[in-house]
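S.K.: Attaching a predicted model along with its sequence, questions to come.
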Number of protein chains: 2
Amino acid sequence: MAAVDLATHPGHLARRLQQAHHLLWTTMVSEEITSPQFGVLNALTSEPGLDQRTVGDRVALDRSTIAEVVGRLIRRGLLDKVRDPADGRRFLLHLTPEGVRVHRKLTVRTARMNQVFLAPLSAEEQAVFLTLLRRVSDAAEQLRHPAEPLPHADENR
Amino acid sequence: MAAVDLATHPGHLARRLQQAHHLLWTTMVSEEITSPQFGVLNALTSEPGLDQRTVGDRVALDRSTIAEVVGRLIRRGLLDKVRDPADGRRFLLHLTPEGVRVHRKLTVRTARMNQVFLAPLSAEEQAVFLTLLRRVSDAAEQLRHPAEPLPHADENR
DNA sequence: AGAAATTAATCAGTGCACTGACTATCTGTG
DNA sequence: CACAGATAGTCAGTGCACTGATTAATTTCT
(Lines give C-alpha, C1' and ligand atoms only; values in the text may rest on other atoms or scores of the structure.)
Protein backbone atom coordinates (compact mmCIF):
# COMPACT_ATOMS: atom_id res chain seq x y z
CA MET A 1 0.00 0.00 0.00
CA ALA A 2 1.05 3.59 0.56
CA ALA A 3 1.72 4.28 -3.09
CA VAL A 4 1.97 7.94 -4.02
CA ASP A 5 0.40 9.75 -6.97
CA LEU A 6 3.18 10.56 -9.41
CA ALA A 7 1.00 13.26 -10.96
CA THR A 8 1.78 15.36 -7.89
CA HIS A 9 5.54 14.84 -8.25
CA PRO A 10 7.19 17.68 -10.14
CA GLY A 11 10.13 15.47 -11.09
CA HIS A 12 7.88 12.99 -12.81
CA LEU A 13 6.03 15.77 -14.58
CA ALA A 14 9.32 17.35 -15.64
CA ARG A 15 10.30 14.10 -17.30
CA ARG A 16 6.94 13.84 -19.02
CA LEU A 17 7.25 17.42 -20.20
CA GLN A 18 10.58 16.65 -21.80
CA GLN A 19 9.18 13.57 -23.49
CA ALA A 20 6.34 15.69 -24.84
CA HIS A 21 8.80 18.26 -26.09
CA HIS A 22 10.97 15.61 -27.72
CA LEU A 23 7.95 14.30 -29.59
CA LEU A 24 7.06 17.72 -30.97
CA TRP A 25 10.67 18.57 -31.75
CA THR A 26 11.32 15.51 -33.86
CA THR A 27 8.07 15.88 -35.77
CA MET A 28 8.01 19.66 -36.20
CA VAL A 29 11.61 20.85 -36.10
CA SER A 30 14.19 18.24 -37.09
CA GLU A 31 15.00 14.56 -36.89
CA GLU A 32 18.70 15.27 -37.40
CA ILE A 33 19.46 18.19 -35.12
CA THR A 34 18.37 17.88 -31.50
CA SER A 35 17.20 20.61 -29.19
CA PRO A 36 20.48 20.80 -27.22
CA GLN A 37 22.39 20.88 -30.51
CA PHE A 38 20.23 23.81 -31.62
CA GLY A 39 21.05 25.50 -28.32
CA VAL A 40 24.75 25.29 -29.11
CA LEU A 41 24.26 26.70 -32.60
CA ASN A 42 22.18 29.48 -31.10
CA ALA A 43 24.76 30.39 -28.46
CA LEU A 44 27.47 30.62 -31.12
CA THR A 45 25.23 32.76 -33.29
CA SER A 46 25.03 35.48 -30.66
CA GLU A 47 28.57 34.98 -29.37
CA PRO A 48 30.89 33.49 -31.99
CA GLY A 49 34.24 32.23 -30.80
CA LEU A 50 33.19 31.11 -27.35
CA ASP A 51 35.14 28.27 -25.79
CA GLN A 52 33.51 24.92 -25.19
CA ARG A 53 32.97 25.28 -21.46
CA THR A 54 31.31 28.69 -21.77
CA VAL A 55 28.97 27.42 -24.46
CA GLY A 56 28.08 24.65 -22.04
CA ASP A 57 27.21 27.26 -19.44
CA ARG A 58 25.02 29.16 -21.89
CA VAL A 59 22.94 26.14 -22.85
CA ALA A 60 23.12 24.22 -19.55
CA LEU A 61 25.24 21.30 -20.71
CA ASP A 62 27.93 19.93 -18.40
CA ARG A 63 31.53 19.55 -19.55
CA SER A 64 31.15 15.92 -20.63
CA THR A 65 27.91 16.39 -22.50
CA ILE A 66 28.97 19.57 -24.27
CA ALA A 67 32.02 17.68 -25.58
CA GLU A 68 29.79 15.02 -27.13
CA VAL A 69 27.32 17.49 -28.58
CA VAL A 70 30.10 19.63 -30.05
CA GLY A 71 31.70 16.51 -31.49
CA ARG A 72 28.50 15.61 -33.32
CA LEU A 73 28.04 19.12 -34.68
CA ILE A 74 31.61 19.12 -35.98
CA ARG A 75 31.09 15.73 -37.60
CA ARG A 76 28.04 17.19 -39.36
CA GLY A 77 30.12 20.15 -40.52
CA LEU A 78 28.08 22.78 -38.67
CA LEU A 79 30.89 23.84 -36.35
CA ASP A 80 34.64 23.97 -36.17
CA LYS A 81 36.98 24.36 -33.25
CA VAL A 82 40.49 25.75 -33.07
CA ARG A 83 42.89 25.86 -30.20
CA ASP A 84 42.96 29.26 -28.51
CA PRO A 85 46.38 30.76 -29.29
CA ALA A 86 46.13 32.82 -26.11
CA ASP A 87 45.24 29.86 -23.84
CA GLY A 88 46.31 26.40 -24.93
CA ARG A 89 43.71 24.66 -22.79
CA ARG A 90 40.79 26.07 -24.70
CA PHE A 91 39.13 25.37 -28.00
CA LEU A 92 37.31 28.25 -29.64
CA LEU A 93 34.12 27.39 -31.49
CA HIS A 94 32.68 28.97 -34.63
CA LEU A 95 29.72 28.14 -36.84
CA THR A 96 30.44 27.12 -40.40
CA PRO A 97 28.37 28.75 -43.19
CA GLU A 98 26.30 25.56 -43.16
CA GLY A 99 25.88 25.92 -39.41
CA VAL A 100 24.57 29.44 -39.86
CA ARG A 101 22.16 28.23 -42.52
CA VAL A 102 20.83 25.38 -40.36
CA HIS A 103 20.42 27.65 -37.35
CA ARG A 104 18.39 30.11 -39.38
CA LYS A 105 16.16 27.39 -40.78
CA LEU A 106 15.52 25.76 -37.41
CA THR A 107 14.86 29.08 -35.67
CA VAL A 108 11.69 29.50 -37.72
CA ARG A 109 10.56 25.96 -37.01
CA THR A 110 11.22 26.11 -33.27
CA ALA A 111 9.06 29.22 -33.04
CA ARG A 112 6.17 27.36 -34.64
CA MET A 113 6.81 24.32 -32.48
CA ASN A 114 6.81 26.36 -29.27
CA GLN A 115 3.42 27.77 -30.21
CA VAL A 116 1.97 24.30 -30.66
CA PHE A 117 3.65 23.06 -27.51
CA LEU A 118 2.08 25.80 -25.40
CA ALA A 119 -1.18 25.94 -27.32
CA PRO A 120 -3.15 24.18 -24.55
CA LEU A 121 -2.51 27.21 -22.33
CA SER A 122 -3.90 30.72 -22.64
CA ALA A 123 -1.50 33.57 -23.31
CA GLU A 124 -1.39 34.55 -19.64
CA GLU A 125 -0.95 30.96 -18.56
CA GLN A 126 1.95 30.57 -20.96
CA ALA A 127 3.73 33.55 -19.42
CA VAL A 128 3.12 32.20 -15.92
CA PHE A 129 4.29 28.75 -16.93
CA LEU A 130 7.60 29.98 -18.32
CA THR A 131 8.21 32.14 -15.27
CA LEU A 132 7.54 29.31 -12.85
CA LEU A 133 9.77 26.94 -14.83
CA ARG A 134 12.57 29.49 -14.68
CA ARG A 135 12.17 30.21 -10.99
CA VAL A 136 12.26 26.57 -9.94
CA SER A 137 15.19 25.75 -12.22
CA ASP A 138 17.17 28.79 -11.17
CA ALA A 139 16.63 28.09 -7.49
CA ALA A 140 18.00 24.57 -7.80
CA GLU A 141 20.92 25.93 -9.78
CA GLN A 142 21.87 27.98 -6.73
CA LEU A 143 22.29 24.76 -4.80
CA ARG A 144 24.80 23.50 -7.33
CA HIS A 145 26.97 26.60 -7.02
CA PRO A 146 26.21 27.68 -3.47
CA ALA A 147 26.82 31.38 -3.11
CA GLU A 148 26.41 30.83 0.61
CA PRO A 149 26.82 27.73 2.72
CA LEU A 150 23.46 26.09 2.26
CA PRO A 151 21.44 24.73 5.17
CA HIS A 152 22.01 21.06 4.38
CA ALA A 153 19.21 19.04 5.91
CA ASP A 154 20.28 17.00 8.90
CA GLU A 155 20.34 13.38 7.79
CA ASN A 156 18.67 11.74 10.79
CA ARG A 157 17.13 14.27 13.03
CA MET B 1 22.14 38.31 -35.56
CA ALA B 2 18.93 36.43 -35.08
CA ALA B 3 19.82 34.43 -32.01
CA VAL B 4 16.87 33.55 -29.83
CA ASP B 5 16.55 33.67 -26.04
CA LEU B 6 16.44 30.10 -24.81
CA ALA B 7 14.85 31.29 -21.57
CA THR B 8 11.64 31.70 -23.56
CA HIS B 9 11.80 28.17 -24.95
CA PRO B 10 9.76 25.72 -22.91
CA GLY B 11 11.81 22.80 -24.20
CA HIS B 12 15.02 24.27 -22.90
CA LEU B 13 13.39 25.06 -19.57
CA ALA B 14 11.99 21.54 -19.37
CA ARG B 15 15.48 20.16 -19.72
CA ARG B 16 16.79 22.54 -17.09
CA LEU B 17 13.97 21.57 -14.77
CA GLN B 18 14.91 17.93 -15.08
CA GLN B 19 18.54 18.69 -14.39
CA ALA B 20 17.48 20.61 -11.30
CA HIS B 21 15.36 17.69 -10.20
CA HIS B 22 18.16 15.21 -10.79
CA LEU B 23 20.45 17.29 -8.60
CA LEU B 24 17.99 17.33 -5.72
CA TRP B 25 17.10 13.68 -6.15
CA THR B 26 20.65 12.40 -5.92
CA THR B 27 21.46 14.57 -2.92
CA MET B 28 18.19 14.23 -0.99
CA VAL B 29 16.66 10.92 -2.01
CA SER B 30 19.11 8.32 -3.29
CA GLU B 31 22.28 7.88 -5.28
CA GLU B 32 21.41 4.25 -6.05
CA ILE B 33 17.75 4.32 -7.01
CA THR B 34 16.72 6.79 -9.68
CA SER B 35 13.45 8.65 -10.00
CA PRO B 36 12.11 6.44 -12.83
CA GLN B 37 13.11 3.36 -10.84
CA PHE B 38 11.15 4.70 -7.89
CA GLY B 39 8.23 5.20 -10.23
CA VAL B 40 8.27 1.52 -11.11
CA LEU B 41 8.43 0.46 -7.47
CA ASN B 42 5.56 2.82 -6.75
CA ALA B 43 3.38 1.48 -9.55
CA LEU B 44 3.91 -2.09 -8.35
CA THR B 45 3.09 -1.05 -4.81
CA SER B 46 -0.40 0.05 -5.77
CA GLU B 47 -0.90 -2.63 -8.42
CA PRO B 48 1.22 -5.71 -7.79
CA GLY B 49 1.49 -8.21 -10.61
CA LEU B 50 1.25 -5.77 -13.47
CA ASP B 51 2.97 -6.75 -16.70
CA GLN B 52 5.98 -4.83 -17.93
CA ARG B 53 4.24 -2.83 -20.63
CA THR B 54 1.48 -1.63 -18.32
CA VAL B 55 3.98 -0.54 -15.71
CA GLY B 56 5.65 1.40 -18.49
CA ASP B 57 2.34 3.12 -19.21
CA ARG B 58 1.86 4.01 -15.56
CA VAL B 59 5.23 5.69 -15.20
CA ALA B 60 5.64 6.96 -18.76
CA LEU B 61 8.49 4.73 -19.86
CA ASP B 62 8.50 3.27 -23.37
CA ARG B 63 8.87 -0.46 -23.98
CA SER B 64 12.63 -0.34 -24.44
CA THR B 65 13.35 1.84 -21.45
CA ILE B 66 11.03 -0.04 -19.10
CA ALA B 67 12.91 -3.23 -20.01
CA GLU B 68 16.21 -1.69 -18.95
CA VAL B 69 14.84 -0.16 -15.76
CA VAL B 70 13.13 -3.41 -14.77
CA GLY B 71 16.36 -5.28 -15.50
CA ARG B 72 18.29 -3.06 -13.12
CA LEU B 73 15.70 -3.39 -10.37
CA ILE B 74 15.78 -7.17 -10.72
CA ARG B 75 19.58 -7.16 -10.57
CA ARG B 76 19.32 -5.18 -7.34
CA GLY B 77 16.85 -7.71 -5.97
CA LEU B 78 13.96 -5.26 -5.60
CA LEU B 79 11.73 -6.94 -8.17
CA ASP B 80 11.08 -10.28 -9.76
CA LYS B 81 9.29 -11.25 -12.93
CA VAL B 82 7.51 -14.44 -13.87
CA ARG B 83 5.98 -15.45 -17.13
CA ASP B 84 2.21 -15.01 -17.15
CA PRO B 85 0.75 -18.55 -17.23
CA ALA B 86 -2.36 -17.12 -18.93
CA ASP B 87 -0.44 -15.24 -21.65
CA GLY B 88 2.99 -16.44 -22.63
CA ARG B 89 4.02 -13.09 -24.03
CA ARG B 90 3.84 -11.32 -20.72
CA PHE B 91 6.01 -11.12 -17.65
CA LEU B 92 4.26 -10.30 -14.39
CA LEU B 93 6.18 -8.10 -11.98
CA HIS B 94 6.18 -8.16 -8.18
CA LEU B 95 8.16 -6.31 -5.54
CA THR B 96 10.43 -8.37 -3.32
CA PRO B 97 10.30 -7.69 0.44
CA GLU B 98 13.44 -5.63 -0.07
CA GLY B 99 11.67 -3.73 -2.84
CA VAL B 100 8.81 -2.93 -0.50
CA ARG B 101 11.25 -1.75 2.14
CA VAL B 102 13.13 0.51 -0.30
CA HIS B 103 9.92 1.98 -1.67
CA ARG B 104 8.74 2.85 1.81
CA LYS B 105 12.04 4.48 2.73
CA LEU B 106 12.25 6.53 -0.46
CA THR B 107 8.62 7.64 -0.26
CA VAL B 108 9.43 9.67 2.83
CA ARG B 109 12.49 11.20 1.26
CA THR B 110 10.79 12.11 -2.02
CA ALA B 111 8.11 13.98 -0.09
CA ARG B 112 10.80 16.09 1.60
CA MET B 113 12.62 16.55 -1.68
CA ASN B 114 9.49 17.73 -3.47
CA GLN B 115 8.97 20.35 -0.79
CA VAL B 116 12.48 21.71 -1.26
CA PHE B 117 12.15 21.54 -5.03
CA LEU B 118 8.99 23.65 -5.03
CA ALA B 119 10.01 25.84 -2.10
CA PRO B 120 10.72 28.87 -4.32
CA LEU B 121 7.01 28.98 -5.16
CA SER B 122 4.10 29.91 -2.92
CA ALA B 123 1.50 27.27 -2.17
CA GLU B 124 -0.86 28.60 -4.82
CA GLU B 125 1.92 28.87 -7.35
CA GLN B 126 2.90 25.28 -6.68
CA ALA B 127 -0.62 24.11 -7.44
CA VAL B 128 -0.73 26.17 -10.62
CA PHE B 129 2.69 24.91 -11.66
CA LEU B 130 1.73 21.24 -11.33
CA THR B 131 -1.51 21.80 -13.19
CA LEU B 132 0.18 23.57 -16.08
CA LEU B 133 2.87 20.87 -16.30
CA ARG B 134 0.16 18.23 -16.50
CA ARG B 135 -1.91 20.06 -19.09
CA VAL B 136 0.98 20.63 -21.47
CA SER B 137 2.30 17.09 -21.09
CA ASP B 138 -1.12 15.52 -21.50
CA ALA B 139 -1.88 17.57 -24.59
CA ALA B 140 1.28 16.41 -26.34
CA GLU B 141 0.50 12.86 -25.32
CA GLN B 142 -2.70 13.11 -27.35
CA LEU B 143 -0.60 13.72 -30.44
CA ARG B 144 1.28 10.47 -29.90
CA HIS B 145 -1.91 8.43 -29.78
CA PRO B 146 -4.03 10.32 -32.30
CA ALA B 147 -7.12 11.44 -30.45
CA GLU B 148 -10.18 9.31 -30.91
CA PRO B 149 -13.18 10.51 -28.95
CA LEU B 150 -13.82 7.42 -26.86
CA PRO B 151 -16.30 7.03 -23.99
CA HIS B 152 -13.64 6.45 -21.32
CA ALA B 153 -11.08 8.70 -22.96
CA ASP B 154 -10.67 10.87 -19.86
CA GLU B 155 -9.47 8.38 -17.31
CA ASN B 156 -8.04 10.97 -14.96
CA ARG B 157 -9.60 14.40 -15.32
C1' DA C 1 61.84 30.76 -10.67
C1' DG C 2 59.55 26.64 -8.98
C1' DA C 3 55.93 24.18 -6.52
C1' DA C 4 50.92 24.21 -5.81
C1' DA C 5 46.41 25.10 -7.11
C1' DT C 6 43.17 25.91 -10.80
C1' DT C 7 41.11 25.22 -15.15
C1' DA C 8 39.72 23.12 -20.02
C1' DA C 9 39.04 19.14 -22.05
C1' DT C 10 38.94 13.98 -22.43
C1' DC C 11 37.71 9.31 -21.04
C1' DA C 12 35.32 5.40 -18.72
C1' DG C 13 31.21 3.98 -16.58
C1' DT C 14 26.20 4.15 -15.64
C1' DG C 15 21.47 5.35 -16.65
C1' DC C 16 17.38 7.39 -19.25
C1' DA C 17 15.03 7.84 -23.83
C1' DC C 18 13.57 7.02 -28.56
C1' DT C 19 13.40 4.44 -33.13
C1' DG C 20 13.27 0.51 -36.05
C1' DA C 21 13.85 -4.38 -36.71
C1' DC C 22 12.94 -8.92 -34.98
C1' DT C 23 10.86 -13.05 -32.26
C1' DA C 24 7.31 -15.27 -29.89
C1' DT C 25 2.70 -15.55 -28.54
C1' DC C 26 -2.06 -14.63 -28.84
C1' DT C 27 -6.61 -13.26 -31.17
C1' DG C 28 -10.10 -12.61 -34.66
C1' DT C 29 -12.26 -13.84 -38.84
C1' DG C 30 -13.34 -16.77 -42.48
C1' DC D 1 -8.72 -24.94 -38.17
C1' DA D 2 -5.68 -21.71 -40.43
C1' DC D 3 -3.77 -17.58 -41.22
C1' DA D 4 -3.40 -12.47 -40.97
C1' DG D 5 -2.96 -9.00 -37.69
C1' DA D 6 -2.10 -7.40 -33.15
C1' DT D 7 0.65 -7.50 -28.92
C1' DA D 8 4.75 -8.27 -25.37
C1' DG D 9 9.26 -8.29 -25.11
C1' DT D 10 14.18 -8.09 -26.88
C1' DC D 11 18.05 -6.12 -29.40
C1' DA D 12 20.99 -2.74 -31.94
C1' DG D 13 21.91 1.97 -32.69
C1' DT D 14 21.98 6.92 -31.42
C1' DG D 15 21.87 10.76 -28.23
C1' DC D 16 21.51 13.31 -23.66
C1' DA D 17 23.18 13.55 -18.77
C1' DC D 18 25.94 12.96 -14.62
C1' DT D 19 30.13 11.36 -11.81
C1' DG D 20 34.87 10.52 -10.96
C1' DA D 21 39.56 10.03 -12.71
C1' DT D 22 43.11 11.75 -15.80
C1' DT D 23 45.93 14.92 -18.72
C1' DA D 24 47.64 19.23 -20.17
C1' DA D 25 48.02 24.11 -19.88
C1' DT D 26 47.78 28.24 -17.10
C1' DT D 27 47.75 30.98 -12.92
C1' DT D 28 48.97 31.85 -8.21
C1' DC D 29 51.76 31.75 -4.25
C1' DT D 30 55.53 31.66 -2.19
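M.R.: Looks like it arrived, so ask away.
S.K.: Could you list which residues are in contact with A:L118?
M.R.: A:L118 is in contact with A:Q126, A:F129, B:P10, B:V136, counting by CB atoms under 8 Å, 6 or more residues apart in numbering or on different chains. Backbone N, C-alpha and C define where each C-beta goes, glycine included.
S.K.: In JSON lines: the residues you listed, plus neighbour count.
M.R.: Listed next are these as JSON lines, based on neighbours: other CB atoms under 10 Å in any protein chain shown:
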{"residue": "A:Q126", "neighbour count": "20"}
{"residue": "A:F129", "neighbour count": "21"}
{"residue": "B:P10", "neighbour count": "22"}
{"residue": "B:V136", "neighbour count": "25"}
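S.K.: and of those residues, the nearest to A:A86?
M.R.: B:P10 (38.0 Å; CB to CB).
S.K.: Quick check: pLDDT value at the closest one.
M.R.: pLDDT for B:P10: 97.
S.K.: need the contact list for the closest residue to it other than its chain neighbours.
M.R.: The shortest distance from B:P10 to any non-neighbouring residue, by CB to CB, 6 or more residues apart in numbering or on different chains, is to A:F117 (5.6 Å). A:F117 makes contact with A:A20, A:H21, A:L24, B:P10, B:G11, B:V136, B:A140, according to CB under 8 Å, 6+ apart.
S.K.: before we move on, back to that, can you list which of the contacts of A:L118 are found in helices?
M.R.: A:Q126, A:F129, B:P10, B:V136 (DSSP state H).
S.K.: B:E47: which of those is nearest?
M.R.: B:V136 (26.5 Å).
S.K.: A:G88 belongs to a strand?
M.R.: Yes: assessed by DSSP: H, G, I helix; E, B strand; the rest coil, A:G88 belongs to a strand.
S.K.: I'd like to know how far it sits from DNA strand D.
M.R.: 3 Å (CB to the nearest atom of the strand, to the nearest Å).
S.K.: For chain A, just list every one of the helices.
M.R.: With DSSP H as the criterion, chain A has helices spanning A:10-28, A:35-46, A:52-59, A:63-75, A:97-118, A:123-144.
S.K.: Is DNA strand D within reach of the shortest one?
M.R.: No: contact check for helix A:52-59 against DNA strand D, using CB under 7 Å from any atom of the strand: none in range, with a minimum separation of 7.8 Å.
S.K.: for the fourth one, same thing?
M.R.: Yes: for helix A:63-75, a contact with DNA strand D is found by CB under 7 Å from any atom of the strand, at A:R63, A:S64, A:T65, A:E68, A:V69, A:R72.
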